[in-house]
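>>> curious how this folds, go ahead:
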Amino acid sequence: MTNSEKIIRILKEDYPNNINIINFIENYCPGVIKRIGNSIIVKGRSDRDWVYVSSKSENELREIKSGLLPSDKNFAAIDEWMLPILTEGEKLKWMLKSVRLIHDGKIDYDSEKIDALKLEDADFVYVNSDYRDFISIEYVKDRINNGISSVIRIDGKPAAWGMTQDDGAIGFLHVLAEYRRKGFGKKVTKDLIRKVVESGRLPFVHIQEENIFSMKLAKGLGFRRDKIVNWFELE
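Take a look at the predicted model:
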């Protein structure tokens with residue numbers, strides 16, 4: 001058994017809590033996977049060089065903090081309690097705070113699957129994303145190629161879509177303004193839930209608290225609130 005396999009096995013003992021870091025390891029084969037006591041630090045690259053941390057110990061987290069390199073700037077899916085320690089003495093370039101919601105996979109699916117995004121859709125998806133300041137066109141292409149996606153097309157062009165992020169979260173949900181209030185967002189999300197379940201993984205989403213529409217949609221489809229997670233970059 002490789003070190004990565006051993007670490008994933010440990011992480012899966014608390015699977016829902018560690019779902020982000022497990023999926024990132026499986027999707028990107030990160031270069032650094034290290035255990036410190038019962039805590040784990042992972043460093044790997046998708047669109048950025050990310051640092052993931054799984055820990056329940058303040059002392060172990062402080063040991064992880066002391067071993068960080070000057071190049072360790074971008075942190076993903078960090079629990080609220082970790083923020084004061086990991087950002088101590090540092091300046092933040094940006095921070096994105098989201099609620100993580102988890103789904104049990106039990107839902108009345110629509111009878112027919114819908115199409116997946118194609119690589120030629122990448123520019124359109126990127127231009128219409130609300131998170132252009134945090135992602136790149138290369139990242140969108142990567143997720144179309146290697147993730148799970150669903151799209152509703154009108155006259156051959158994307159009208160509503162979504163896909164999984166680098167950590168397996170269902171995201172990128174977007175419905176063009178002229179096609180809203182038609183149930184497209186719900187249909188895309190249900191299709192993504194089904195595809196994620198069929199891949200053997202747990203469906204979950206990250207939604208900013210103030211995004212009332214997306215929060216209502218997720219809860220209406222059976223997602224339950226889990227915890228707050230944070231992405232940030234240090235200067």
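>>> against Leu217, how distant is the residue positioned nearest the centre of the chain?
Geometric centre of the chain, nearest residue: Ala169, 3.7 Å, by CA atoms, centre = their mean. Ala169 is 15 Å from Leu217, where distance means CB to CB, to the nearest Å. Every C-beta, even on glycine, is put in place using the N, C-alpha and C of the backbone.
>>> now tell me what touches the helix or strand bottoming out on mean pLDDT in the chain from outside.
Across the helices and strands of the chain, mean confidence by mean pLDDT, DSSP states H and E is lowest for helix 3-11: a mean of 89. With contact meaning CB atoms under 8 Å, 6 or more residues apart in numbering, helix 3-11 is reached by 1, 18, 21-22, 25-26, 29, 33, 35, 40, 42, 54.
>>> gap between that helix and the chain center?
In terms of CA atoms, centre = their mean, to the nearest Å, the centre of helix 3-11 is set 20 Å apart from its chain centre.
>>> who does the lengthiest helix in the chain touch, helix- and strand-wise?
Counting residues, the longest helix found in the chain (DSSP state H) is helix 184-198. Helices and strands touching helix 184-198, by 3 or more CB pairs under 8 Å, 6 or more residues apart in numbering; DSSP states H and E, are strand 149-154, strand 157-164, strand 170-175, helix 212-220.
>>> isn't the residue nearest to the centre of the chain right up against Arg201?
No: taking CB atoms under 8 Å as the definition, Ala169 is not a contact partner of Arg201, at 10.3 Å.
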